[in-house]
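**Q** no sequence on this one, just coordinates:
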């Protein structure tokens, strides 16, 4: 074999074979605060398995060998089977085996939502596509629990820790996955433009049975065992939500025909499809006319997962960038020793920890709300801050994944590495379940429906302003903005939500993070310092860069 004509040196692979939890002080502290210390041993074991080179290799394989749709078998029979690389099933089994799918709804042990958020966040640092069916399945549980007959059939299979990839009716499987069918070609986020029609079986519906005809433009995870689908009950009629299985009880395929799989920018390991309903059998969930509120309840949970997924991207991008910069040399010294690069890395670290703080506070609010112990502030966090956090954290994920890739230079801009996958993956969370403008409108809608929510939020944040004039000023600015007339607020929606999230992050960090992190975040995000800047365009002279970087990733 011919030998290379030059010596390869000063080249370093992206980080693997490390403990994702042991190197994340902020996550460990958040779990202890939330009363989830009991979950640390299991999460620690999971973090070590996720961080292994073998799991990173599975993630690369699952995304390189994207799903393939087989619409027909060799004799022309319709099968609509989605074929995945074995790495996909290995990753799905890894996640499911931790019990994370149903963990938030398993009992009432304090800290269960925070433990779930941590597991999701850790998994998302290595592979994100497998989290789509996990998200949909988890988010369906609160809806299905309101349907006693369906819940009795599905509960054990939804709580299962067994990944069962066999293409069988749901009742014949050890564990099942669910998806969602909401958007159509002509409407997108405007679900009220949907035209899919559900017709009752028999006079007035036989036990809530309907047949669906129409289409869905983005059918999340078409290989799932069932989907929750929005359709009109009659031409131009009110909307309802339906449970639509992939296979009927006898084993035959339901009338859900997969037309093609989407060729997506990222999220390559996961399948998203376009489908036609040709008399697809479904069961009514809830009441006719309540289809959109029903599916929006599901979307509230999936939006939290979007925040967790983007926070995971921010964390992994930051860790990869710091680890690489400590090894790679340029102009006579390591990149991480050069002042301007240190400023960029510190800025990445601040953004990452702020996103995590926001996620973990949201997880606590969801736990208290679902457990019936929610304060007015908890309810405001769930209803107002969830779409606000999705807007901001997901957008920051897109920008900072690109910045972290730039730390690697050309080495980051190749498909073989982790950085390219993070970069290509990042936009999906910002688009999925409502893009930026939709999130801002949802925040405004939540505030208009519950004016006390803003008061409860600000009341919780106010103590952090004591002795910190920059937070106090930001609080006054936000209060003035909230006092604007309703007709003016829509155009100011992005400004309001940005200020709300940055204020919330600053207050959370001041309460929980080391002073070096909190002070640096406040100095670089509030007031004029946070407007119109790029990553690293901050005055680092007064910041504790060493402390920020050593906390972000010990080295």
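**A** Received it, and whenever you're ready, just let me know what you need. Predicted model only: the values in this text are computed from it and were never measured. Numbers count the residues shown, from 1 in each chain.
**Q** can you pull the buried residues of the longest strand seen in the chain?
**A** Taking DSSP state E as the assignment, the strand of the chain that covers the most residues is strand 272-285. Residues of strand 272-285 classed as buried by neighbour count (16 or more other Cβ atoms under 10 Å): 272, 273, 274, 275, 276, 277, 280, 281, 282, 283, 284, 285. Every residue, glycine included, has its C-beta placed from N, CA and C.
**Q** swap in stretch 238-245?
**A** Neighbour-count burial for stretch 238-245, counted by 16+ other Cβ under 10 Å, picks out 239, 240, 241, 242, 243, 244, 245.
**Q** helix or strand for residue 211, which one?
**A** Element membership for residue 211, per DSSP states H and E: strand 209-220.
**Q** From the contact counts, what lies against that strand?
**A** When contacts are defined as 3 or more Cβ pairs under 8 Å, 6 or more residues apart in numbering; DSSP states H and E, strand 209-220 packs onto helix 131-144, strand 178-181, strand 197-200, strand 226-232, strand 239-245, strand 272-285.
**Q** hmm, which two among the buried residues of strand 272-285 are most spread apart?
**A** The largest separation in those, counting by Cβ to Cβ, is between 272 and 284 at 25.6 Å.
**Q** Residue ranges in the protein under the pLDDT threshold?
**A** Residues of the chain meeting the criterion pLDDT under 70: 1, 203-207, 530-532.
**Q** counting contacts, what elements does the helix or strand residue 45 falls within pack onto?
**A** Here residue 45, judged by DSSP H and E, is contained in helix 40-50. Helices and strands touching helix 40-50, by 3+ Cβ pairs under 8 Å, 6+ apart, are helix 25-33, helix 112-124.
**Q** Can you point out the buried residues in that helix?
**A** Neighbour-count burial for helix 40-50 flags 40, 43, 44, 46, 47, 48, 49, 50 (criterion: 16+ other Cβ under 10 Å).
**Q** Same check on stretch 360-373?
**A** 360, 361, 362, 363, 364, 365, 366, 367, 368, 369, 370.
**Q** of those residues, closest to residue 345?
**A** Residue 345 lies nearest to residue 360 out of these, by Cβ to Cβ, at 22.8 Å.
**Q** for the closest one, helix, strand, or coil?
**A** helix (DSSP: H, G, I helix; E, B strand; the rest coil).
**Q** tally of neighbours for the nearest residue to it once chain neighbours are set aside?
**A** Nearest residue to residue 360, sequence neighbours excluded (Cβ to Cβ, 6 or more residues apart in numbering): residue 30, at 4.1 Å. Applying other Cβ atoms under 10 Å, we find 25 residues neighbouring residue 30.
**Q** Next one: residue 355 from residue 26, what distance?
**A** 10 Å (Cβ to Cβ, to the nearest Å).
**Q** same deal with residue 466?
**A** Distance from residue 466 to residue 26, by Cβ to Cβ: 23 Å.
**Q** Tell me which of these two has more neighbours.
**A** Remark: of residue 466 and residue 26, residue 26 carries more neighbours, 22 against 9, as counted by other Cβ under 10 Å.
**Q** Wait, that one touches residue 518, no?
**A** No: assessed by Cβ atoms under 8 Å, residue 26 is found out of contact with residue 518, at 11.6 Å.
**Q** how far away is the closest residue to residue 201 other than its chain neighbours from residue 240?
**A** What sits nearest to residue 201 in space, not counting adjacent residues and going by Cβ to Cβ, 6+ apart, is residue 209, at 4.1 Å. The gap separating residue 209 from residue 240 is 12 Å, by Cβ to Cβ.
**Q** hey, what's in contact with both of the two?
**A** Residues touching both residue 209 and residue 240 (Cβ atoms under 8 Å, 6 or more residues apart in numbering): residue 284.
**Q** Next up, identify which helix or strand the closest residue to residue 513 other than its chain neighbours is on.
**A** Of all residues not flanking residue 513 in the chain, residue 353 sits nearest, at 6.3 Å (Cβ to Cβ, 6+ apart). Taking DSSP H and E as the definition, residue 353 sits inside helix 339-370.
**Q** how far is that helix from where the chain is centred?
**A** Per Cα atoms, centre = their mean, to the nearest Å, the displacement of helix 339-370 from the mean C-alpha position of its chain is 14 Å.
**Q** what packs against that helix?
**A** helix 25-33, helix 112-124, helix 291-327, helix 376-380, helix 386-408, helix 493-512, helix 515-525, helix 545-552.
**Q** Go through the fourth one and flag the buried ones.
**A** I take that to be helix 376-380. 377, 378, 379, 380.
**Q** Could you do the last one as well?
**A** When burial is assessed from 16+ other Cβ under 10 Å, helix 545-552 yields the following buried residues: 545, 547, 548, 549, 551, 552.
**Q** Run through who's touching it.
**A** 25-26, 318-319, 322, 336, 342-343, 345-346, 348-350, 352-353, 514, 516-517, 520.
**Q** give me every residue that touches residue 25.
**A** residue 551.
**Q** Relative to residue 19, how far out is the closest residue to residue 61 other than its chain neighbours?
**A** Leaving out its chain neighbours, the residue that sits closest to residue 61 by Cβ to Cβ, 6+ apart is residue 87, at 3.9 Å. Using Cβ to Cβ, we find residue 87 at a distance of 22 Å from residue 19.
**Q** Which one's more surrounded, those two?
**A** The residue with more neighbours, out of residue 87 and residue 19, is residue 87; 21 against 15, by other Cβ under 10 Å.
**Q** Let me see the contact set for the nearest residue to residue 286 once chain neighbours are set aside.
**A** Spatial nearest neighbour of residue 286, excluding adjacent residues (Cβ to Cβ, 6+ apart): residue 294 at 4.8 Å. Taking Cβ under 8 Å, 6+ apart, we find residue 294 in contact with 143, 240, 241, 285, 286.
**Q** cool, and residue 271?
**A** 67, 69, 82, 84, 221, 222, 223, 261.
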